[in-house]
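A.B. asks: sequence below, structure please.
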Amino acid sequence: MILKSIKWRLQIWYGVFLALVLLAFGSTSYQLERDRQHRQIVDDFDSHLRTVLDSMRTPPPFPERGPDEQMPEDQPPPDRRPPARPPRGLHPSPRTTQLFNESAATGFYYVIWFPDGEELMRSTNTPPDFTAPPRPGVEQMRGSFREFATPVPGPHPEFVILVGRSIVPELKELHRAALKLAALGLYLLLLGLAGGWWIAGRAIRPIKDISATAVKISAGDLSQRISADETESELGQLAAVLNATFVRLEAAFARQQQFTSDAAHELRTPVSVILTQTQSTLTRERSAAEYRDTLESCQRAAQRMRRLIESLLALARLDAGQEPVARAPFDLAGTAKDCLEMIRPLADERRIKIVAELNSAPCGGDADRVTLVITNLLTNAIHYNRDGGEVRIATRLENGAAVLTVSDNGPGIAAEHLPHIFDRFYRADAARTSSQGRAGLGLAICKAIVEAHGGTIGGASQPGGGATFTVRLPAENPR
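C.D. replies: Numbers count the residues shown, from 1 in each chain. You can find the predicted model right below:
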């Protein structure tokens, strides 16, 4: 279970790496200290060995003569051959005695041997158990004593000098150094593990927040958000992206719930009309005219349901992208002219004047769907206008876009309703005339079609000054 945790895996890897680094550092420091002490001991050995050698030098057996002095003819030449071995009465100098005649057990000592193993002399502080003759030219350990023996040639036959000392102080110092390094390494390891645990915890905390928030959201609470303090880190950026996703998800669910509620409400009305009419008619025998009126009422309700269902299906297909937009060049002015001729009878019924200013505006897309957009906008401009009013429609090219504007001089749209006019099932009844059975899906369908073409649609209005809708579609150069 521990190895499955990202935090524990990071901590174990970091702890092992830190332990190896501290072990390497401690071993290197210990080895350097040991080498330093060894060099110091060797230097002390050399110094004391030179002192012993200096003390063993004896004056020449005969005094040197000057250049002008001559040897008497009747006197035989002196015998300059060295004696068989150094004199047995040889004694160290006062300096040697001061260096080696120490009462402390850790002081240097020396022993001088003849090659045949006969001992010539030793210092007063030589260990009493030292009896074995050394092997010349070798540094050796004997218990807690380090010794070095070397053959020394001279004017006399070769003899061997050994210098030694106890290294107990150095061993104790090395032991203390090892303990200090171990304590320091353990302290740094614990400190590093604690810091690593804290850093890993802070690094993993956003993941825990993401998991906890996702659990709450999956339970139905879409208002939950991830708290991201470090927005510049990778996990902080991920939390920001997820929060933005949750915002859009909450908004989508809210729109879906509202859409479902409004669709159910809109469908309930015609269904209620049909049920009421049929139940009322079936309660007793009626005349043919009454049956006809009932059927006509049911037909109107059914047609309203059909239009609503067709609009819902169209929106569903557009949202799902199941009906890709056909790309073909067409002139927005020509399409607008056809739509204008189609709805002109509606305008004539209410004596509404239509003013058209249609300039060529070539664009690309599905002309049939764009026709639906223009027809809806013109129908709304007539429906929500006053009798005897005016509707203006214009097309033009502007900044690489084909632009269509439809405006009326009706009562206009209140400012609080403008942000919602493209919402599904939204009707600003308080600002405009009665919806008269309209479902409030026309502008939503217009927006979905325009956006599927890569364009934009917007509305502007002032109460009492009419409303203006503007559609922008990507322009296409005519061939």
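A.B. asks: every contact and neighbour count from this point should use C-alpha atoms.
C.D. replies: Will do.
A.B. asks: setting aside sequence neighbours, what's the nearest residue to residue 207?
C.D. replies: Leaving aside its sequence neighbours, residue 207 sits nearest to residue 235 (CA to CA, 6 or more residues apart in numbering; 7.5 Å).
A.B. asks: show me what the helix or strand hosting residue 248 is packed up against.
C.D. replies: In this assignment (DSSP states H and E), residue 248 forms part of helix 234-282. Under the contact definition 3 or more CA pairs under 8 Å, 6 or more residues apart in numbering; DSSP states H and E, helix 234-282 sits against helix 168-218, helix 288-320.
A.B. asks: show me what counts as buried in the last one.
C.D. replies: Neighbour-count burial for helix 288-320, counted by 16 or more other CA atoms under 10 Å, picks out 291, 294-295, 297-298, 301-302, 304-305, 308, 311-312, 314-315, 318.
A.B. asks: what of stretch 180-188?
C.D. replies: Buried residues in stretch 180-188, counting neighbours by 16+ other CA under 10 Å, are found at 181-182, 185.
A.B. asks: same question for stretch 466-477.
C.D. replies: Buried residues in stretch 466-477, counting neighbours by 16+ other CA under 10 Å, are found at 466-476.
A.B. asks: restricted to helices, list those.
C.D. replies: Residues of these located in helices (DSSP state H): none.
A.B. asks: can you tell me which of the residues you listed is nearest residue 159?
C.D. replies: The closest of the buried residues of stretch 466-477 to residue 159 turns out to be residue 474 (CA to CA; 110.7 Å).
A.B. asks: tell me how many other residues crowd residue 242.
C.D. replies: If you count neighbours by other CA atoms under 10 Å, residue 242 ends up with 16.
A.B. asks: which pLDDT does the model give it?
C.D. replies: Predicted confidence (pLDDT) for residue 242: 82.
A.B. asks: also the one 3 residues further on?
C.D. replies: Note on residue 245: pLDDT of 84.
A.B. asks: okay if I get the helices and strands packed on helix 234-282 as TSV plus distance to residue 118 and mean pLDDT?
C.D. replies: Conversion of the helices and strands packed on helix 234-282 to TSV gives the following (distance: least, CA to CA, whole Å; pLDDT from 0 to 100):
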stretch	distance to residue 118	mean pLDDT
helix 168-218	29	83
helix 288-320	111	79
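A.B. asks: residue 334: which of those helices is closest?
C.D. replies: Closest approach to residue 334 among the helices and strands packed on helix 234-282 (CA to CA): helix 288-320, 24.5 Å.
A.B. asks: can you name the next helix or strand after that closest one?
C.D. replies: Downstream of helix 288-320, the first helix or strand assigned by DSSP H and E is strand 328-331.
A.B. asks: give me the mean pLDDT for the following helix or strand past that following strand.
C.D. replies: As assigned by DSSP H and E, the chain's next helix or strand after strand 328-331 is helix 332-349. Mean pLDDT, helix 332-349: 89.
A.B. asks: got the angle for the helix or strand following helix 332-349 vs helix 332-349?
C.D. replies: Using DSSP H and E, the helix or strand that follows helix 332-349 in sequence is strand 353-358. With axes from the mean of the first three to the mean of the last three CA atoms, to 10 degrees defining the directions, strand 353-358 sits at 180 degrees from helix 332-349.
A.B. asks: low pLDDT regions in the stretch 1-150 of the chain?
C.D. replies: For the stretch 1-150 of the chain, the stretches flagged by pLDDT under 70 are 1-4, 52-106, 131-138.
A.B. asks: ranges for the helices of it?
C.D. replies: Counting by DSSP state H, counting those that start in this stretch, residue ranges of the helices within the stretch 1-150 of the chain are 6-56, 94-100.
A.B. asks: of those, which approaches residue 362 most closely?
C.D. replies: helix 6-56 (58.6 Å).
A.B. asks: show me the contacts for residue 185.
C.D. replies: Counting by CA atoms under 8 Å, 6 or more residues apart in numbering, residue 185 touches 22-23, 26.
A.B. asks: out of the helices of the stretch 1-150 of the chain, flag the one nearest residue 372.
C.D. replies: helix 6-56 (56.0 Å).
A.B. asks: who does the closest one touch, helix- and strand-wise?
C.D. replies: Contacts defined by 3+ CA pairs under 8 Å, 6+ apart place helix 6-56 against helix 94-100, strand 159-166, helix 168-218.
A.B. asks: make CSV out of those and add distance to residue 462.
C.D. replies: Formatted as CSV, the helices and strands packed on helix 6-56 follow (distance: least, CA to CA, whole Å):
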stretch, distance to residue 462
helix 94-100, 114
strand 159-166, 107
helix 168-218, 41
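A.B. asks: hey, which of those is tucked in deepest?
C.D. replies: Compared across the helices and strands packed on helix 6-56, strand 159-166 shows the largest average neighbour count, a mean of 24 (mean count of other CA atoms under 10 Å).
A.B. asks: how far out from the middle of the chain is that one?
C.D. replies: Strand 159-166 has its C-alpha centroid displaced from the chain centroid by 67 Å (CA atoms, centre = their mean, to the nearest Å).
A.B. asks: okay, now the sheet partners of it, with direction.
C.D. replies: Here strand 159-166 is paired, per DSSP bridges, with strand 109-113 (antiparallel), strand 145-152 (antiparallel).
A.B. asks: report the backbone C-alpha coordinates of that strand in CSV.
C.D. replies: The C-alpha coordinates for strand 159-166 follow below in CSV (Å, rounded to 0.1, in the frame of the first residue of the first chain):
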residue,chain,number,x,y,z
PHE,A,159,72.8,-1.6,11.7
VAL,A,160,69.0,-1.2,12.0
ILE,A,161,67.2,1.6,13.7
LEU,A,162,63.5,1.3,14.8
VAL,A,163,61.3,4.3,15.8
GLY,A,164,57.9,3.7,17.2
ARG,A,165,55.1,5.3,19.1
SER,A,166,51.6,4.6,20.4
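A.B. asks: give the rounded mean pLDDT of it.
C.D. replies: Here strand 159-166 scores 80 as its mean pLDDT.
A.B. asks: returning to what we had before: and which of the contacts of residue 185 is nearest to residue 109?
C.D. replies: Closest approach between these and residue 109, by CA to CA: residue 26, at 34.1 Å.
A.B. asks: once you drop chain neighbours, what's closest to that closest one?
C.D. replies: Distance criterion CA to CA, 6+ apart; nearest residue to residue 26, sequence neighbours excluded, is residue 181 at 5.9 Å.
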